[in-house]
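K.L.:
Only the shape, not the letters, is given here:
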């Protein structure tokens, strides 16, 4: 973690303990979303930096291998939680955390949900088409009609859900979600 200057040892210890608690919490929280704790801890480390870090600095701070660190950083960049930045005079890649947690949340869930939505919606539509074709082949088979109709009702309801989810994702991507759920409510201390 970033070194603190011109503070007493007691002051620095309190700050470092508070940071460590937050970093640990971030790591545990990320684990809930399918991101390893170590990647969550890296995000927490970057969160408390006041300047971008190189991969080598992260390796030293987290005592991880360069390969693991590179993979972790790439994961955070892909999730739009960390940005690669340029700094004059530096030849090494530098990284800093995306400080807008609202946007980070929206980007993370949009990426995850969009992938699942597209796969599931395609499979539902394909299944619905196959069932319609089956009904067309045997239009007078009432047993088949009853069996397929039950499945069609379930498939159509699932498609309805995924179309709603698509609109929800659109609201995250456009930022319209923040009109419905504003960012500006402050906690009282």
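P.N.:
Received it, and whenever you're ready, just let me know what you need. Remember, predicted model here, so these are calculated numbers, not experimental data. Numbering: from 1, shown residues only.
K.L.:
Regarding the chain, what is its longest helix?
P.N.:
Longest helix in the chain by number of residues (criterion: DSSP state H): helix 101-137.
K.L.:
those helices in this structure, which residues are they?
P.N.:
Along the chain, counting by DSSP H, helices occupy 9-32, 37-47, 55-62, 66-78, 101-137, 142-174, 177-180.
K.L.:
nearest to residue 87, of those?
P.N.:
Smallest distance to residue 87 across these (Cβ to Cβ): 12.5 Å, for helix 55-62. (C-beta placed from N, C-alpha, C; glycine too.)
K.L.:
Contact partners for residue 7?
P.N.:
Neighbour list for residue 7: residue 15 [criterion: Cβ atoms under 8 Å, 6 or more residues apart in numbering].
K.L.:
quick one: it and residue 169, what's the gap?
P.N.:
Separation of residue 7 from residue 169 (Cβ to Cβ, to the nearest Å): 45 Å.
K.L.:
got a list of what residue 35 touches?
P.N.:
75, 79.
K.L.:
which residues sit in contact with the nearest residue to residue 75 once chain neighbours are set aside?
P.N.:
Nearest non-adjacent residue to residue 75, counting by Cβ to Cβ, 6 or more residues apart in numbering: residue 39, 5.6 Å away. The contact partners of residue 39, by Cβ under 8 Å, 6+ apart, come to 30, 72, 75, 76.
K.L.:
ok, back up a step: output the contacting helices and strands for the longest helix of the chain.
P.N.:
Under the contact criterion of 3 or more Cβ pairs under 8 Å, 6 or more residues apart in numbering; DSSP states H and E, helix 101-137 touches helix 142-174.
K.L.:
Can you name every helix or strand that the helix it packs on contacts?
P.N.:
Judged by 3+ Cβ pairs under 8 Å, 6+ apart, the packing partners of helix 142-174 are helix 101-137, helix 177-180.
K.L.:
Distance from the chain centre to stretch 174-185, please.
P.N.:
Relative to its parent chain, stretch 174-185 has a centroid offset of 18 Å by Cα atoms, centre = their mean, to the nearest Å.
K.L.:
May I see the buried residues of that stretch?
P.N.:
With burial defined by 16 or more other Cβ atoms under 10 Å, the residues of stretch 174-185 counted as buried are residue 177.
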